[in-house]
Every structure is written in structure tokens, then in C-alpha cells.
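**Q** build me a model from this:
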Amino acid sequence: MELTLVLVLVLGCASLGIHNGQASDLPSGIEKCGAMDEQCLLNGVNYVLRNYAKSGIKELGLIPLDPLHIKKFKIGRNPHSPVNIDLSFREVDLLGLHQAVAKRVSGFTADLDRTIELVMDVPEIALKGPYIVDGRVLILPITGKGNAEIRLIKTKVHALVKLRRVPKGDHQTFAEVVDIKVEVNPSHVSYHLENLFNGQKDLSENMHALINENWQDIFIELKPGISEAFGLIVKSVLDRIFGKLPLEQLFVV
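**A** Just a heads-up that it's a prediction; the model follows:
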């Protein structure tokens, strides 16, 4: 889930950062901000969320964020955790970001010498698509392959992104992701995994009761793996975006 929420930061700021000469090619309502104008950046992120999370901004080559299609990601086993599973997803959709509200956007500077911070509230996030799971949850074995639906309710997200400058020819400077840390705190999580135990109804019902009654413990144990998996995805996506848009175009300097 972290991937989408950090992408909003980039989409909002990239949308705000097009040269004035290109502004006529962009949708109306998008304003170019100074790098340290936090209120302008916050307004821009929320404007993009309200108006373009579902459609994206074609002029920038930025994809829709709701739903966000993710080709694959995996959470590996942790033998020291009571939730010791291999959990992989492929060709899944993440939904709900258009309802998100950014509460704070800070740390942008022209020389990228500060960590960028994003704080958001998201009423509901849903992850839907094919999964494969194998391992143990608390005291019980778990195995399954089918479609999953995982819902996070009233989620607060705190993301920290560190960038570095990458000088290139023609007096242009681009950015590269150095580090990403994300804290995701939902008020509730529900799990539905089709075809657990090859469709054995009793075993599936017992496992669903276990993981949904203990949703908080399950999520806490999975959170480090989720953060690591999405961090790799986010870095790849952000590096592609920042590799196309020089800093001179991103902010008023």
C-alpha cells in the first residue's frame, strides 16, 4: 500500500513543477510551487488526488493511481515471527487512493538536502488480485492460491523519502531515490483469501476467523516485509519519474 501513497507525493509535485511555457498543455488548476512553499505543495497534492488520482496526467506520462496496478510483490518468510509465511501477489490492483487527504508535505528544497515527509489519511485501501501463500500463522499451517481482498480502514500514513542530486548534461540536474521509510497505521484490517487449503471449507473458515480476529497482530508481523517489498517498487518507479523530469522543471527557483 505504501507504493501508491509515496507516488502521490511525486505526482503532486511533478504536476506542480512544469515550466510555465508548458503550462498550457496541462490540465487547469495546476500551479507551479516554490520548493519550500509547503502550503502550495500540500494544496497541489490534494488537488491532484481529488482530480487526477483515477485518470492520471497523460501530459506527464504519469499513470492513474486509483486503481494502481502492481505486477508483483512478495513478502518472504521470517522464522523468528509467529507469522512465518511466503506471501506473493501478482497482477493486483490497489484501490481507494482518490479518497486520501494529505495532511503534511515538507522537506523539499532545491538542493535536496532534507528528507521529504508526507503524512496522509486514507479512509479505505483495498488490495485485490491473485495471491499465493504458504507457511504458518500463529499456531496453524496455511496454504492457498486464488484471489485475495485485503482492506485497510482509516489508515494514517507517514512516509520519509531521501533523494540525491544527479547532475547531467545541458545544465540539468535530476534526482535519484536514496532511501524510503514508510509507517502505515490502519484502524482495522480485514483479510479474505479465496481457495485456502484447496477449497476445504472448514479449514478455510477457521483460518479466516483466526486472521481476522487477530488482524492487528498479523499486520504488525507483516509490516516490515510489506515496507521492504514496496520500498523496492517505489524506488524503481520514482527513479524513472525523476529521471525524466529535471529539478529545474520541478520548482520555482
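
**Q** can you tell me the SS state at the residue of the chain positioned farthest from its centre?
**A** Centroid-distance maximum for the chain: residue 202 at 34.7 Å, with CA atoms, centre = their mean. Three-state call for residue 202 (DSSP: H, G, I helix; E, B strand; the rest coil): helix.

**Q** so it versus residue 181, what's the distance?
**A** Residue 202 sits at a distance of 41 Å from residue 181 (criterion: CB to CB, to the nearest Å). Just so you know, the C-beta spots here come from the backbone N, C-alpha and C atoms, and that holds for glycine as well.

**Q** now do residue 73
**A** Distance from residue 73 to residue 181, by CB to CB: 17 Å.

**Q** between these two, which has more neighbouring residues?
**A** Remark: of residue 73 and residue 181, residue 73 carries more neighbours, 18 against 13, as counted by other CB atoms under 10 Å.

**Q** where are the low-confidence patches of this structure?
**A** Regions of the chain meeting the criterion pLDDT under 70 cover residues 1-32, 59-62, 228-234, 236-238, 240-241, 244, 249-253.

**Q** ok, 50 please
**A** 1-5, 14-25 (pLDDT under 50).

**Q** what about the helices in it?
**A** Assigned by DSSP state H, the chain shows helices spanning 2-16, 38-52, 201-213, 215-244, 247-250.

**Q** so residue 221 touches residue 80, yeah?
**A** No - using CB atoms under 8 Å, residue 221 is not in contact with residue 80, being 10.0 Å away.

**Q** give me the more crowded residue out of those two.
**A** Taking other CB under 10 Å, residue 221 and residue 80 do not tie; residue 221 has more neighbours (20 against 7).
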